[in-house]
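Participant: Next come a sequence and a model predicted from it.
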Amino acid sequence: MENDASLKTSEYTGIKALVMGLGTNGGGMYAARYLAQKGAEVTVTDLRDERTLSPSIEKLAGLPIRYVLGRHETEDFQQADLVIKNPGVKPDSPYLRAARRIETDISLFLAACPAAILAVTGSKGKSSTASALFHVLNESHASPGKRGKVRLGGNIALSPLSFLNELEKDDEAVLELSSWQLGDLRMCSAARGNGALKPRAAVITPIMRDHLDRYGSMEAYIDDKRLIYRNQDKEDVIVAGDDDWGRSFLRESRARSLIYSTKPLPEGIAGGWIDRAGANDRPGFARLNNSTIVEIVPARLLVPGDHQKQNLLAAALALLDLGLEADFIRDSLGRFGGIPHRLELFHESGGLRFYNDSSATIPEAAAAAIRAFEKPSSVEAKLILVAGGNDKDLDFTALTEAAPAAKALILLAGTGSDKLKILLDGGGVKYQGPFDTLEAAIEAVRETAEPGDTVLLSPGCTSFGMFLHEFDRGDKWKEAVRRFFP
């Protein structure tokens with residue numbers, strides 16, 4: 001593979017570019033469009049067929065792109081000057097070994113982006129934290145006399161190549177980055193040169209067991225996460241949690257450190273906290289390099305849950321370091337309504353409230369969602385939980401322990417549900433299913449639900465098998481609910 005770190009826009013003209021993995025979330029599609037518009041000879045190859053990929057193919061209509069679908073051809077990789085890797089492709093793919101140069105949509109973006117980068121990674125809460133950063137910065141840029149603009153992309157299902165041409169020097173780009181996207185930067189020529197990831201602010205949300213089916217160990221998984229701050233220095237800031245993993249990030253990073261915690265921080269430690277006791281009605285506080293304590297997260301949020309308040313605290317600390325006023329940050333976060341697929345209240349019918357938390361793809365995330373609806377003073381639980389799906393070599397103990405707080409548990413079919421059932425049976429926790437379709441699961445909801453109940457899809461499992469991805473699962477959930485409960 002070529003080691004030349006420079007990747008100038010002019011180099012695209014006439015080169016043979018192969019996009020490996022068109023996908024349906026936009027990364028491959030935007031990379032293909034970007035390179036084709038820059039004059040490259042683009043080939044797209046994907047193991048899926050034309051029918052599955054039609055939404056992405058239709059968006060590329062009119063561009064001179066060659067498609068090789070339903071298969072990969074080694075010859076295409078050998079002849080390409082540049083191969084664009086999709087994050088879902090494992091790094092040890094034999095096809096990638098045949099490539100001379102590998103990039104991703106993220107590395108292409110970083111190589112050409114003139115704006116300041118704010119980057120977010122972690123196991124859960126990435127999208128909410130990145131979206132909160134974007135929300136507050138967007139309101140800030142709307143203030144009289146404020147220059148520049150802010151854009152949001154990355155793992156949040158929008159490739160940053162989609163807005164690269166809009167960005168200027170005074171702008172900001174908020175990137176949500178998965179471990180896969182970060183790990184891919186190791187093999188990208190562009191990421192080792194002027195396009196290296198050096199975020200002005202790096203925020204790391206809580207670390208939990210995830211993707212062990214791909215990584216094999218937590219150490220390998222975390223090693224990719226560490227890439228978010230590898231190139232930072234004292235001009236930058238890193239925000240991480242008050243736990244073993246978070247403290248290890250803060251010790252290793254050369255950036256200025258801010259820590260977020262569930263308890264007040266000792267004097268002399270810069271960061272913020274929200275006491276765990278009574279967190280649902282407690283504000284978040286911050287103290288930077290002096291003894292002054294300021295309130296930066298409001299006591300009441302539009303999206304419930306302790307975990308959401310921690311996400312917003314992490315975002316608020318980064319915003320404070322960027323120079324925004326504490327009062328402005330707090331008031332703006334109070335107007336933040338959350339994002340699709342994360343505890344999203346999307347429908348009400350017949351006295352029932354329906355939530356979509358499809359991005360809860362690990363057991364701990366589903367358990368946190370259950371706790372977000374707990375009311376200690378309530379005698380009878382009013383939550384109906386729809387969970388389950390496929391496994392990622394995870395431990396389902398957290399979800400098993402939280403499940404009894406729900407009035408009813410309805411399972412979707414999958415290898416994760418098979419593991420979960422063993423734990424539920426062992427603990428005497430009742431459930432319905434697993435069901436092979438959303439429609440069957442919703443029929444079970446209809447037989448169980450009563451006016452006043454909350455119905456929550458929070459799977460705690462990956463979506464693959466029954467759905468294309470977690471966003472497809474959430475969209476189909478919302479469509480089916482609206483059909484059954486008009």
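Facilitator: Cool, got the structure.
Participant: what residues are up against G28?
Facilitator: 19-22, 44, 46, 56, 84, 86, 105 (C-beta atoms under 8 Å, 6 or more residues apart in numbering). No exception for glycine: its C-beta is placed from N, CA and C like everyone else's.
Participant: For V294, which non-adjacent residue is closest in space?
Facilitator: Closest residue in space to V294, ignoring its immediate chain neighbours: A326 at 3.9 Å, by C-beta to C-beta, 6 or more residues apart in numbering.
Participant: what's the spacing between that neighbour and L110?
Facilitator: 31 Å (C-beta to C-beta, to the nearest Å).
Participant: Does R147 touch K169 like I think?
Facilitator: No: between R147 and K169 there is no contact under C-beta atoms under 8 Å: 9.8 Å.
Participant: Might you list the low-confidence residue ranges for this structure?
Facilitator: Applying pLDDT under 70 to the chain picks out residues 1-10, 25, 189-195, 276-280, 375-381.
Participant: Helix or strand: which one has A286?
Facilitator: Per DSSP states H and E, A286 falls inside strand 284-287.
Participant: How about residues contacting the helix or strand just after that strand?
Facilitator: Per DSSP H and E, the first helix or strand lying C-terminal to strand 284-287 is strand 294-297. Strand 294-297 has contacts (C-beta under 8 Å, 6+ apart) with 272, 274, 283-287, 309, 312-313, 316-317, 319-320, 326, 329-330, 333.
Participant: could you measure N86 against T74, distance?
Facilitator: Using C-beta to C-beta, N86 is found at 17 Å from T74.
Participant: If you count surrounding residues, which of the two has more?
Facilitator: Higher neighbour count among N86 and T74: N86, with 19 against 11, using other C-beta atoms under 10 Å.
Participant: Skipping its backbone neighbours, what lies nearest that one in space?
Facilitator: Using C-beta to C-beta, 6+ apart and skipping the chain neighbours, the partner closest in space to N86 is G21 (2.7 Å).
Participant: Wait, the one you found touches G88, no?
Facilitator: Yes: in this structure, G21 is within contact of G88 by C-beta under 8 Å, at 6.1 Å.
Participant: more crowded one of the two?
Facilitator: Using other C-beta under 10 Å, the more surrounded residue of G21 and G88 is G21, with 22 against 15.
Participant: tell me the contacts of that one?
Facilitator: 27-28, 45-46, 85-86, 88-89.
Participant: In helices only, show me these.
Facilitator: Applying DSSP state H to the contacts of G21, the entries found in helices are 27-28.
Participant: Which pair of the contacts of G21 spans the longest distance?
Facilitator: G27 and T45 (14.4 Å; C-beta to C-beta).
Participant: how about the helices in the stretch 201-350 of the chain?
Facilitator: In the stretch 201-350 of the chain, helices defined by DSSP state H, counting those that start in this stretch lie at 212-215, 218-225, 244-252, 306-321, 326-333, listed in chain order.
Participant: Select, out of those helices, the one closest to G183.
Facilitator: Using C-beta to C-beta, the nearest of the helices of the stretch 201-350 of the chain to G183 is helix 218-225, at 3.7 Å.
Participant: More neighbours: G27 and T45, which one.
Facilitator: When G27 is set against T45 and neighbours are counted by other C-beta under 10 Å, the residue ahead is G27, at 31 against 23.
Participant: quick one: the more buried one and D105 touch, right?
Facilitator: Yes: under the criterion of C-beta under 8 Å, G27 makes contact with D105 at 4.6 Å.
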